[in-house]
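Asker: Structure, please.
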Amino acid sequence: MRIRRLLLSFLLSIIGLEAALYLGDPLIEKFFISIHNPLHTSYSLNHRPIPGSEKALLPDGTFVTYTYDQNGIRKYSQNRNSQRLAKFKILFLGDSFIQGGQEQDSIPFQLETILESTYPKVDVQIFNAGYSSYSVSLYTVQANTLIPLLQPDFIIVDIDETDFSDENYRYAAVRQVNDQGRTVAVAPDVQTLELERAMDQVRALPTRLHKVIGAFRVKFYTLPRLRKRHTRPRPRAYLQKTDSDIYRRLEREILYFKRQVTELGEVLIERLGDRRKILFAHHPHLNHLTPDPTGKLWPALVSETVRGAASSLHIEYFDATPDMRECCEHSAKQLYIAGDMHFNAEGMRTYSSFLAKHLLLQLNLKR
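Answerer: Sure, this is the predicted structure:
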């Protein structure tokens, strides 16, 4: 009799948990979505958004529904382009910082708002091609596809410290080149393919309870093993100024990164036909603005490298670090999501305002 009661209690618990999952218990749903979203591997862009809408979990614990067109451009629900006299199209390339969170909390959205208020007679349209973990070699692939398709009047590329890391330690081994040594594709890495296969198996399980159990296994067993097996060590010295020998110790990585930035610039110039239509930009991380726990600011290694590549090609370059340090040094933490490297809504507005101020000096539009 006791065994029957235990079995009945166990069965009711499973039914209750399955019902809670089905009804969308917020805590369980957050965990489920955070690791259950499809990875969308791509043999030209490593990974990419699929057309349509997908729900995602943001670093601040809130949900967002992203919508993309067939070219990987983020679509917004608000009709931002009304009856204007002319159209000026800007293509914005970047990673998750540019992809943004909620619609109004994305840098391209904020920048478009500022430009439209400045140029009320011009229909300014910004194409947000930013996507999580994208980097310089992927921007090159995007440029070769999107520029002929969209025919933008101007291009902004946001490059930061994560690009340095991803270029050297994630994409270098899977970057594919043509006979001239130019980047033509970035294939999926082995870790991404194996993780996608594991999550496909989870998605095929019959109930949400099975899927959550399977997702737990992937997150806490499969993924750590894949990272241990396939991920190259990523020295954090390029971020943290621990000694004065940083540039010598990372000389090879710096040269490789500069080559990729230079190649991107060359492709943009060839595609646009005018280097004056390009802006390379850099946004600061928290410890570029305020000292880290060791009392030191992060070095400008990445910014200096991008500045050097831009200068060699006579491409305009803007680093927001000095402006944001001057205005927000003592309140910098209020610009970033707690415990995360990304800007919060206030940080995006702040960076967008400084970027817009610089961009307005470069553009030649009739007000």
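
Asker: State the mean pLDDT of the helix or strand Gln110 falls within.
Answerer: Assessed by DSSP states H and E, Gln110 sits inside helix 107-118. The average pLDDT within helix 107-118 is 92.

Asker: now the strands for the stretch 1-150 of the chain?
Answerer: Counting by DSSP state E, counting those that start in this stretch, the stretch 1-150 of the chain has strands at residues 41-42, 46-47, 52-57, 63-68, 86-93, 122-128.

Asker: To Phe354, which of these lies closest?
Answerer: Among the strands of the stretch 1-150 of the chain, the nearest to Phe354 by Cβ to Cβ is strand 86-93 (15.4 Å). Just so you know, the C-beta spots here come from the backbone N, C-alpha and C atoms, and that holds for glycine as well.

Asker: Can you point out the buried residues in the closest one?
Answerer: Neighbour counts over strand 86-93 (16 or more other Cβ atoms under 10 Å) mark Phe88, Ile90, Leu91, Phe92, Leu93 as buried.

Asker: Report the beta-bridge partner residues of the third one.
Answerer: With DSSP bridges as the criterion, the beta-bridge partners of Leu91 are Phe127, Ile155.

Asker: residue contacts, it?
Answerer: Applying Cβ atoms under 8 Å, 6 or more residues apart in numbering to Leu91 gives the contacts Ile126, Phe127, Ala129, Leu146, Ile147, Leu150, Pro152, Phe154, Ile155, Ile156.

Asker: how about JSON lines for those residues, with neighbour count added?
Answerer: Conversion of the contacts of Leu91 to JSON lines gives the following (neighbours: other Cβ atoms under 10 Å):
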{"residue": "Ile126", "neighbour count": "27"}
{"residue": "Phe127", "neighbour count": "23"}
{"residue": "Ala129", "neighbour count": "28"}
{"residue": "Leu146", "neighbour count": "21"}
{"residue": "Ile147", "neighbour count": "17"}
{"residue": "Leu150", "neighbour count": "17"}
{"residue": "Pro152", "neighbour count": "21"}
{"residue": "Phe154", "neighbour count": "21"}
{"residue": "Ile155", "neighbour count": "24"}
{"residue": "Ile156", "neighbour count": "24"}
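
Asker: okay if I get these as TSV plus pLDDT?
Answerer: Below are those laid out as TSV (pLDDT from 0 to 100):
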residue	pLDDT
Ile126	94
Phe127	96
Ala129	97
Leu146	98
Ile147	98
Leu150	96
Pro152	96
Phe154	96
Ile155	98
Ile156	98
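
Asker: biggest separation within those, which pair?
Answerer: Greatest spatial distance among the contacts of Leu91 (Cβ to Cβ): Ile126 and Ile147, at 14.7 Å.
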